[in-house]
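Asks: Let's see this in three dimensions:
(one chain, ligands or ions: 2)
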Amino acid sequence: MFLSKLALLQFKNHPQREFQFSRKINCLIGNNGIGKTNVLDAIYYLCLTKSYFGHNDQQNILFGKDFFRIDATLVRDQTKHTITYKFQNSRKKELLVNEVPVPKFSTHVGQYPVVMIAPDDNALVTGGSEERRKFLDSTISQVQMKYLENLMQYNQFLSQRNAALKEFAEHNTLDKALLETYNHKLHVLGTEIFEARSLVIERLQPIFSYYYETLSLQREKVSFQYASQLRDTPLESLLEKNLKRDLILQRTESGIHKDDIEFFIDSNKIKRFGSQGQQKSFVVAMKMAQYQFIRAAKGFRPFLLIDDIFDKLDPDRSRELLNIIAGDDFGQVFLSDTDSTVIETALRENPKIYEILNI
Ligand SMILES: Nc1ncnc2c1ncn2[C@@H]1O[C@H](COP(=O)(O)OP(=O)(O)OP(=O)(O)O)[C@@H](O)[C@H]1O
Ligand SMILES: [Mg+2]
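Replies: Ligands and ions are numbered 1, 2, ... in the order given. Here you go, the predicted structure:
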């Protein structure tokens, strides 16, 4: 898959801008605040119909204007594709693929897979468990359309069950049949999600270790494991067993919405013991594993976006990272930095594979 052209109109700080990209490494170079991250986010937008940074459509319109538009031309399976995303204030957002409107955006997710690595991603290691669930969800939903639907349904039943618990507590009543219905729905959907997450964690593990050890030049051994209440007990039993507690707390305390991943570095928990650079290497290796997992499932190479490529990495790790992405395991890469010297020095022997774009 190869993105050849990107046009931005009133997207964040870009009034009007067009880029032609090369097939391998595209380096977006420019000073702080010039709009490099925004270009990467525009590519992410086209692939997953939302901002990586959680900004809503409204926040992405150039200040003082009332719409934005992103257009891209790309090649996939030797065929030319176009993608357009338009948003106008107080009107509906629109997504067009090959000029045909896409009615349900969730069907677009995974068609043009993408992996982003950004400085704030350290939250994957240091932040709350929802960050890790988000990572798993974004990985699996790009390869399995049903996953996203299951997850949305699960969350709906979860809110309904929580609302019922609240009502029972307030009115001192209990509708057992209603709870059993929710328990069963949550069990069926939750078990499917649990199985998909178990499988992806198992697949990510060896790829992750390989990349981490390469990045750290074999200095550290790392691992992770899936922490889920469903590992030992079926969800339906958990829900029945913990009903008393749920009624007191007025919310559902068992289920895949409590899942987590535990990370270890030389058998210590990295959250507490890893340095910033080690945590960053961890995140980068995790994202590379995500990339290779999606690539294997799709049969072609996703886009890789790396914002502030050398953020917190020492020169050894930076060089390793460039070597890895320059190889054949990765396809088209978009990266940003304020200066091109390190990149040009590291890739000096291979000047054909990269292009410097001054933003
Ligand atoms: N909706 C918007 N309209 C206009 N400008 C915006 C909008 N949203 C963000 N910006 C501006 O975009 C600029 C930031 O762009 P971006 O984060 O892409 O910069 P950058 O080149 O990545 O910088 P750095 O090197 O510091 O990471 C800021 O000046 C910000 O005010
Ligand atoms: Mg930036």
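
Asks: Point out the residues in this protein that sit beside ligand 1.
Replies: Residues of the chain lying close to ligand 1 (C-beta under 6 Å from any ligand atom) are 12-13, 30, 32-38, 59-63, 308, 338. Backbone N, C-alpha and C define where each C-beta goes, glycine included.

Asks: cutoff 8 Å now
Replies: Proximity of the chain to ligand 1, by C-beta under 8 Å from any ligand atom, involves residues 11-13, 28, 30-41, 55, 59-64, 307-308, 336, 338, 359.

Asks: pLDDT at residue 213, what is it?
Replies: The model reports residue 213 with a pLDDT of 89.

Asks: quick one: buried residues of the one helix or strand it maps to?
Replies: For residue 213, the host element (DSSP states H and E) is helix 176-215. Buried residues in helix 176-215, counted by 16 or more other C-beta atoms under 10 Å: 179, 182-183, 185-187, 189-194, 196-197, 200-201, 203-204, 207-209, 211-215.

Asks: And for stretch 336-352?
Replies: 336, 337, 340, 343, 346, 347.

Asks: what do you get for stretch 65-72?
Replies: Of the residues in stretch 65-72, 68, 69, 70, 71, 72 count as buried by neighbour count, 16+ other C-beta under 10 Å.

Asks: which residues touch that stretch?
Replies: For stretch 65-72, contacts defined as C-beta atoms under 8 Å, 6 or more residues apart in numbering pick out 3, 5-12, 42-43, 45-46, 57, 60-62, 82-89.

Asks: circling back to that earlier point, can you tell me which two in the buried residues of stretch 65-72 are farthest apart?
Replies: Greatest spatial distance among these (C-beta to C-beta): 68 and 72, at 13.8 Å.

Asks: re the thing from before, show me what the helix holding residue 213 is packed up against.
Replies: helix 129-141, helix 145-171, strand 222-227, helix 235-241, helix 276-298, helix 315-326 (3 or more C-beta pairs under 8 Å, 6 or more residues apart in numbering; DSSP states H and E).

Asks: Name the nearest residue to the closest residue to ligand 1 within the stretch 151-300 of the chain, sequence neighbours excluded.
Replies: For the stretch 151-300 of the chain, the residue closest to ligand 1 is residue 280, as judged by C-beta to the nearest ligand atom, at 15.6 Å. Using C-beta to C-beta, 6 or more residues apart in numbering and skipping residues adjacent in sequence, the residue nearest residue 280 is residue 312, 4.3 Å away.

Asks: Is it correct that the one you found is in contact with residue 282?
Replies: No: in this structure, residue 312 is not within contact of residue 282 by C-beta atoms under 8 Å, at 11.1 Å.

Asks: Which one's more surrounded, the two?
Replies: Ranked by neighbour count (other C-beta atoms under 10 Å), residue 312 and residue 282 place residue 282 first, with 27 against 18.

Asks: In a helix, residue 357, correct?
Replies: No: counting by DSSP: H, G, I helix; E, B strand; the rest coil, residue 357 falls outside a helix, being strand.

Asks: list the contacts for the spatially most central residue of the chain?
Replies: The centre of the chain sits closest to residue 138, judged by C-alpha atoms, centre = their mean, with a distance of 4.6 Å. Contact analysis of residue 138 by C-beta under 8 Å, 6+ apart lists residue 48.

Asks: roughly how far apart are it and residue 101?
Replies: Look at residue 138 and residue 101: by C-beta to C-beta, to the nearest Å, they are 24 Å apart.

Asks: Tell me the buried residues in stretch 251-269?
Replies: Using 16+ other C-beta under 10 Å as the test for burial, stretch 251-269 gives 252, 254, 255, 256, 257, 259, 260, 261, 263, 264, 265.

Asks: before we move on, back to that, was I right about the residue of the stretch 151-300 of the chain closest to ligand 1 contacting residue 122?
Replies: Yes: look at residue 280 against residue 122 with C-beta under 8 Å: they come within range, at 6.3 Å.

Asks: out of the two, which sits in the more crowded spot?
Replies: residue 280 (23 against 18).

Asks: how about the residue in the stretch 201-350 of the chain positioned nearest to ligand 1, what does it touch?
Replies: Residue of the stretch 201-350 of the chain nearest ligand 1, by C-beta to the nearest ligand atom: residue 338 (5.4 Å). With contacts defined as C-beta under 8 Å, 6+ apart, the neighbours of residue 338 are 29, 30, 31, 32.

Asks: Excluding chain neighbours, what is closest to residue 48?
Replies: Residue 48 sits nearest to residue 109 (C-beta to C-beta, 6+ apart), 5.8 Å away.
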